[in-house]
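S.K.: the following block contains a protein sequence and its predicted model.
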Amino acid sequence: MVVVATTIEETGTAISDARRRGLSLGLVPTMGALHAGHASLMSRARRETGFVVVSIFVNPTQFGPHEDLSRYPRPFEKDVALCDAESADLVFHPRPELMYPPAFKTYVEVHELQDMLEGASRPGHFRGVATVVLKLFSIIQPEFAYFGQKDAQQVRVIQQMVRDLNVPVKLVVCPTIREADGLALSSRNQYLSVEERKNAVVIFNALSDIRKRVEAGERNVPALIRAAQERIDKVADARLDYLAIVDHDTLQPLQTLTGRALVAIAVFLGRTRLIDNILLEIPS
Ligand code: PAF
């Protein structure tokens with residue numbers, strides 16, 4: 001049965017014990033509301049490390065003032081059951097006051113990478129993400145940490161933080177898990193009405209259409225974006241927040257496709273904002 005720890009002391013004891021037994025540590029950081037995407041991270045961590053820790057913490061500092069912090073789903077018992085089914089060893093489930101005591105003053109900023117795409121739509125988001133992830137790394141001290149490619153910019157921000165601050169954690173990036181129609185799994189999919197859920201497939205279809213056009217030889221970024229925008233405009237309830245084709249490393253917009261490109265998209269379906277992305281490799 002997976003053990004649940006809510007304090008740093010309990011967590012430290014479990015981790016020291018695992019280390020004494022010579023086990024390598026894998027961390028799967030989550031905000032709960034776990035789904036098959038998280039399960040795939042846990043199962044990879046299970047295969048590759050000896051002691052799997054899943055953190056479940058809805059991190060307040062990565063939500064903007066008008067975002068969904070208070071209504072973010074928190075099905076804790078169901079989450080623990082999934083961690084158990086995936087044979088995780090420990091769930092770290094701190095209270096917000098433990099992570100952010102009243103005198104908390106230190107934040108991590110990954111300049112430039114934090115400001116575009118999601119960062120432009122959600123100012124302060126990556127400051128919150130980088131800060132909490134560094135705290136989780138400090139508390140758990142994993143050798144490996146598992147993240148989903150679905151949050152491509154988050155991965156890039158954390159990679160940069162790890163590199164810049166010499167954080168001794170190896171990041172493992174796992175593929176996006178999708179529903180049968182292509183919609184990327186997300187804890188926020190459960191906000192969608194039946195109609196919005198049907199319409200949400202436009203996100204994957206728009207990305208797939210870009211991939212097809214690129215495979216057919218299209219290299220003009222504005223033309224690719226225009227075609228996707230038109231497709232999304234035709235769908236009731238769907239509103240494009242951003243669609244950008246950027247360099248995979250710098251996240252700077254590309255005018256002409258070359259090298260490794262990230263196609264990143266955020267779309268509102270009604271009040272629910274969903275993100276997705278694909279990677280394109282353009283042979284030179
Ligand atoms: O991807 C998430 O669920 C969160 O951003 C993370 C990495 C757990 C930090 O709160």
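M.R.: Nice, I can see it.

S.K.: give me every residue in the protein lying close to the ligand.
M.R.: Counting by CB under 6 Å from any ligand atom, the chain comes close to the ligand at Pro29, Thr30, Met31, Asn59, Gln62, Val129, Val132, Val133, Asp151, Gln154. (C-beta placed from N, C-alpha, C; glycine too.)

S.K.: switch the cut-off to 8 Å
M.R.: 29-31, 55, 57-59, 62, 128-129, 132-133, 136, 147-148, 151, 154, 158, 187 (CB under 8 Å from any ligand atom).

S.K.: quick one: which of these sit in strands?
M.R.: Pro29, Thr30, Ser55, Phe147, Gly148 (DSSP state E).

S.K.: who wins on neighbours among these?
M.R.: Neighbour tally across those (other CB atoms under 10 Å): the maximum, 27 neighbours, falls on Ser55.

S.K.: you'd agree it is up against Val28?
M.R.: Yes - look at Ser55 against Val28 with CB atoms under 8 Å: they come within range, at 7.3 Å.

S.K.: all the strands of the stretch 101-250 of the chain, residue numbers only.
M.R.: 144-148, 170-174, 238-247 (DSSP state E, counting those that start in this stretch).

S.K.: out of those, deepest packed?
M.R.: strand 144-148 (a mean of 22; mean count of other CB atoms under 10 Å).

S.K.: what helices and strands are in contact with it?
M.R.: strand 25-30, helix 36-48, helix 152-164, strand 170-174 (3 or more CB pairs under 8 Å, 6 or more residues apart in numbering; DSSP states H and E).

S.K.: among those, which is nearest Lys212?
M.R.: helix 152-164 (20.0 Å; CB to CB).

S.K.: quick check: the residue of the stretch 151-284 of the chain nearest the ligand.
M.R.: Proximity to the ligand, evaluated over the stretch 151-284 of the chain using CB to the nearest ligand atom, is greatest for Asp151 at 5.2 Å.

S.K.: can you show me the helices along the stretch 51-200 of the chain?
M.R.: 76-85, 96-99, 118-121, 125-140, 152-164, 194-199 (DSSP state H, counting those that start in this stretch).

S.K.: now tabulate those in CSV and tack on mean neighbour count and mean pLDDT.
M.R.: As requested, the helices of the stretch 51-200 of the chain are arranged in CSV below (neighbours: other CB atoms under 10 Å; pLDDT from 0 to 100):
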stretch, mean neighbour count, mean pLDDT
helix 76-85, 16, 98
helix 96-99, 14, 98
helix 118-121, 18, 98
helix 125-140, 21, 98
helix 152-164, 20, 98
helix 194-199, 15, 98
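
S.K.: what about Pro222, how many neighbours?
M.R.: Here the number of neighbours of Pro222 (other CB under 10 Å) works out to 10.

S.K.: give me the contacts around stretch 182-192.
M.R.: 31-37, 68, 72-73, 150, 176-179, 197, 200-201, 203-205, 208, 269-276 (CB atoms under 8 Å, 6 or more residues apart in numbering).
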